[in-house]
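S.K.: After the sequence you'll find the predicted model.
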Amino acid sequence: MTFHKDRPLIAQTDFCVLLEVRHPSFEEARAGLAKFADLVKSPENIHTYRMSSLSLWNAAAAGLTSEEIIGFLDRHAKFGVPTGVKQDIRRFVERYGLVRMERLGDDLLLISKDVEAIKEMVSFRSLRSYGLCQVDSQTLRFSARYRGLLKQELVKLGFPVEDLAGYSRGESLPIRLRTEEAGEQAFELREYQRSAVDSFYREGSLHGGSGVLVLPCGAGKTVIGIAVMGKLNCATLILTSNSTSVRQWKREILEKTDVTEDLVGEYTGMQKEVRPITVATYQILTYRKSKDDPFIHMDLFNKRDWGLIVYDEVHLLPAPVFRVTADIQATRRLGLTATLIREDGREEDVFSLVGPKRYEMPWKELETQGWIASVECVEIRVPMAEKEKEAYFAAAPRHKMREASVNPDKLKVVRDLLSKHDGEQILIIGQYLEQLRQLAEATKLPMISGEMPYEEREALYSGFRSGAVPALIVSKVANFAVDLPDATVAIQISGSFGSRQEEAQRLGRILRPKAGTNRAVFYTLVSEDTKEQEFALNRQLFLIEQGYRYRIEWADGSKEAVSI
DNA sequence: TGAGAGGGAA
DNA sequence: CTAGATCCCTCTCA
């Protein structure tokens, strides 16, 4: 094996790939790896990526071939790629599409050129109840009602079936986008938005109809959803995470299409309209009086002949909705998200039931094109005073995180940052209400938490936008509030455990393009040498995978800044 | 009829 | 793991 000292990667036999952080071609290698592997560890000098069957299948579904993946690794790996790893990559990638699902009358078929694959499927005990019936050595037949469950089960057994069984068109509804008209309401799809739409749906192609589009915060996911609706022209059910988002979808649909108001309904706790375009929350679907009772609103899926279901923030899709989704596989399904990571690990179910990844827009690319601000991330390590340190060590393990997070010495750091960024729009984001209240008290800045009524929030938001309010202190509402104004500086003083989602969401708060240099800063304050510092590492994984670097500084200036 | 409080759920 | 936010229902009061 030849040794290429000047290359940044090491491909290991365990399917991990190590990436040298300080290597001149780090960025190129990182961008390439991110397409088919997940970042699992990111210490200072070497980042560890891991390929998994799912990461490779998603890559395959988005159009990457095994030869492209292997070629990429070959070009960048110091010691080349172990032969076994190459074989496994081929084996995994080629599994996607090895078995197809097609329609035959009222039944469905599983078809594969690989006779062994068919044999294997027949032999699986867990598939017995689906009534698989062998037609010939390359074909199995089964009832269409098992389309979803079977795909779900087959993914777990290592067969990511390509679903070409087609879709029903649903009730038709003309939806014209206001892209061609003149005047205030006209808008134009950005190039990447058009590509995203095209990779989900192509006229006359059986492929077009289910899948997930992955785009950063602020990339215009709603617009893409609406553009897909404009292509399919059918009754559409949109599921989203909260009521603000419901209103936002409704508003944007009315603004960006010629659909009239009477055709757009809201299905929430407040209002139960079922119209040709209906926007609902996930929560109403999963409502039941108590455990063991039925989900009384789940039949919204059957209340109309939907031609398209949009799963906004598909990484939040609740478990019971998966179950219903398995039953409506003949309906087109579009998932939208900023990250395929689910904190509950059910990524496989998103893959099999909503669909594989069809398109991904990397954050850094969007930044290069100037659609989002360029953000500098800084982790500031704040030492704990003796007294607090004692309390920290004395605390029960499950309280340690909180003890570290509420380190009172963070106050001084916040003050310094406030004066350093005087005149800019600053958001201070935290997790513990008590900590936030103290900070609000000390800085005389307004604080927004869940208990504040919406009108009061609105008033503060508009004060913040106009510059009358220089900084806002916000609780976890920042994770949900779609209407929270953009800022140029975010200071995170505490957060929940290792949530990569939350970190990305909070960074998303300062992504809107900025006048002038288009720059923003994201500070995160962690107590030095505590659990909080460990959790911070995990939180940062997703953003680091996307190419963000965290500069580390010490609040007391005891050590020099480093970059990871 | 609508607003507001309270409780349960995930 | 915790703490917090949200949503949805039901009940009460005017």
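M.R.: Perfect, I can see it now.
S.K.: Okay, strands next: where are they in the stretch 51-200 of chain A?
M.R.: A:100-104, A:107-111, A:133-136, A:139-143, A:162-163 (DSSP state E, counting those that start in this stretch).
S.K.: Can you say which of those is packed in most?
M.R.: Comparing the strands of the stretch 51-200 of chain A by mean neighbour count (mean count of other CB atoms under 10 Å), strand A:162-163 ranks first with a mean of 22. Any C-beta I mention is one placed from the backbone N, CA and C, and that applies to glycine too.
S.K.: if we can go back for a sec, out of the strands of the stretch 51-200 of chain A, which is closest to DNA strand B?
M.R.: strand A:162-163 (27.0 Å; CB to the nearest atom of the strand).
S.K.: ok, residues contacting the closest one?
M.R.: With CB atoms under 8 Å, 6 or more residues apart in numbering as the test, strand A:162-163 has contacts from A:96, A:97, A:99, A:100, A:101, A:147, A:151, A:210, A:329, A:355.
S.K.: List only buried entries from those.
M.R.: A:96, A:99, A:100, A:101, A:147, A:151, A:210, A:329, A:355 (16 or more other CB atoms under 10 Å).
S.K.: where does chain A come near DNA strand C, residue by residue?
M.R.: Residues of chain A lying near DNA strand C by CB under 7 Å from any atom of the strand: A:242-244, A:268-270, A:280-281, A:283-284, A:287, A:289, A:296-297, A:398-399, A:401-402, A:431-434, A:449-451, A:475-477, A:479-481, A:496-498.
S.K.: Restricted to buried residues, select the residues you listed in ChimeraX.
M.R.: The ChimeraX selection below is limited to those of those classed as buried (16+ other CB under 10 Å):
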select /A:242,243,268,280,281,284,297,401,402,431,432,449,475,476,479,481,496,498
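S.K.: hmm, back to that, for the contacts of strand A:162-163, give me TSV that also has pLDDT and distance to residue A:24.
M.R.: Listed next are the contacts of strand A:162-163 as TSV, based on pLDDT from 0 to 100; distance: CB to CB, whole Å:
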residue	pLDDT	distance to residue A:24
A:96	94	34
A:97	90	37
A:99	96	43
A:100	95	43
A:101	96	46
A:147	97	49
A:151	97	44
A:210	95	41
A:329	96	47
A:355	96	38
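S.K.: Dump the residues you listed to CSV, plus distance to DNA strand B.
M.R.: Shown next, in CSV, are the contacts of strand A:162-163 (distance: CB to the nearest atom of the strand, whole Å):
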residue, distance to DNA strand B
A:96, 30
A:97, 34
A:99, 32
A:100, 34
A:101, 30
A:147, 25
A:151, 23
A:210, 24
A:329, 23
A:355, 22
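S.K.: Nearest to residue A:257 among those?
M.R.: residue A:210 (22.4 Å; CB to CB).
S.K.: who are the neighbours in contact with that closest one?
M.R.: Residue A:210 is in contact with A:163, A:167, A:329, A:332, A:333, A:334, A:354, A:355, counting by CB under 8 Å, 6+ apart.
S.K.: Return the nearest residue of chain A with respect to DNA strand B.
M.R.: Closest point on chain A to DNA strand B, by CB to the nearest atom of the strand, is residue A:290, at 3.7 Å.
S.K.: What separation do you get for that residue and residue A:494?
M.R.: 34 Å (CB to CB, to the nearest Å).
S.K.: same thing with residue A:49?
M.R.: 29 Å.
S.K.: ok, now residue A:97?
M.R.: 46 Å.
S.K.: same check, this time on residue A:242
M.R.: Distance of residue A:242 to residue A:494, given as CB to CB: 22 Å.
S.K.: Which residues of the stretch 301-450 of chain A lie near DNA strand B?
M.R.: Checking the stretch 301-450 of chain A against DNA strand B by CB under 7 Å from any atom of the strand, the hits are A:318, A:319.
S.K.: pLDDT weak spots in the stretch 301-450 of chain A?
M.R.: The stretch 301-450 of chain A contains no residues with pLDDT under 70.
S.K.: Where do the helices of it begin and end?
M.R.: Along the stretch 301-450 of chain A, counting by DSSP state H, counting those that start in this stretch, helices occupy A:319-327, A:347-349, A:363-368, A:386-394, A:397-405, A:410-420, A:433-443.
S.K.: Nearest to residue A:520, out of those helices?
M.R.: helix A:363-368 (10.6 Å).
S.K.: Give the buried residues for that closest one.
M.R.: Applying 16+ other CB under 10 Å to helix A:363-368 flags A:363, A:364, A:365, A:366, A:367 as buried.
S.K.: elements contacting that helix?
M.R.: Here helix A:363-368 touches no other helix or strand, going by 3 or more CB pairs under 8 Å, 6 or more residues apart in numbering; DSSP states H and E.
S.K.: got the contact list for that helix?
M.R.: A:31, A:192, A:215-216, A:218-219, A:372-375, A:543, A:546-548.
S.K.: Among those, show me the least confident.
M.R.: When those are compared by pLDDT, residue A:218 scores lowest at 91.
S.K.: ok, the closest residue to that one other than its chain neighbours - contacts?
M.R.: Once flanking residues are discounted, residue A:218 sits nearest to residue A:511: 4.4 Å by CB to CB, 6 or more residues apart in numbering. Listed by CB under 8 Å, 6+ apart, the contact set of residue A:511 reads A:216, A:217, A:218, A:372, A:373, A:375, A:486, A:520.
S.K.: how about a cut-off of 10 Å?
M.R.: Listed by CB atoms under 10 Å, 6 or more residues apart in numbering, the contact partners of residue A:511 are A:216-219, A:363, A:366-367, A:371-375, A:486, A:490, A:520, A:522.
S.K.: Tell me the buried residues within the residues you listed.
M.R.: By 16+ other CB under 10 Å, the contacts of residue A:511 give A:216-219, A:363, A:366-367, A:371-373, A:375, A:486, A:490, A:520, A:522 as buried.
S.K.: In chain A, where is pLDDT below threshold?
M.R.: Ranges of chain A meeting pLDDT under 70: A:1, A:205-207, A:558-561, A:563-564.
S.K.: now do 80
M.R.: Counting by pLDDT under 80, chain A contains low-confidence ranges at A:1-2, A:180-185, A:203-208, A:291, A:557-564.
S.K.: burial of residue A:445, as a residue count?
M.R.: 18 (other CB atoms under 10 Å).
S.K.: hang on, isn't it packed against residue A:418?
M.R.: Yes. Counting by CB atoms under 10 Å, residue A:445 sits close enough to residue A:418 to count as a contact (8.3 Å).
S.K.: okay, and the common contacts of those two?
M.R.: Residues touching both residue A:445 and residue A:418 (CB under 10 Å, 6+ apart) are A:426, A:428, A:470, A:471.
S.K.: Next, work out how far apart the closest residue to the third one other than its chain neighbours and residue A:17 are.
M.R.: What that stands for is residue A:470. Excluding its sequence neighbours, the residue lying closest to residue A:470 (CB to CB, 6+ apart) is residue A:426, at 6.7 Å. Here residue A:426 is placed at a distance of 38 Å from residue A:17 (CB to CB).
S.K.: cool, residue A:404 as well?
M.R.: 32 Å.
S.K.: ditto for residue A:544
M.R.: On the measure of CB to CB, residue A:544 and residue A:17 end up 15 Å apart.
S.K.: Would you map the helices across the stretch 101-250 of chain A?
M.R.: In the stretch 101-250 of chain A, the segments counted as helices under DSSP H, counting those that start in this stretch are A:115-123, A:147-156, A:191-200, A:221-232, A:243-256.
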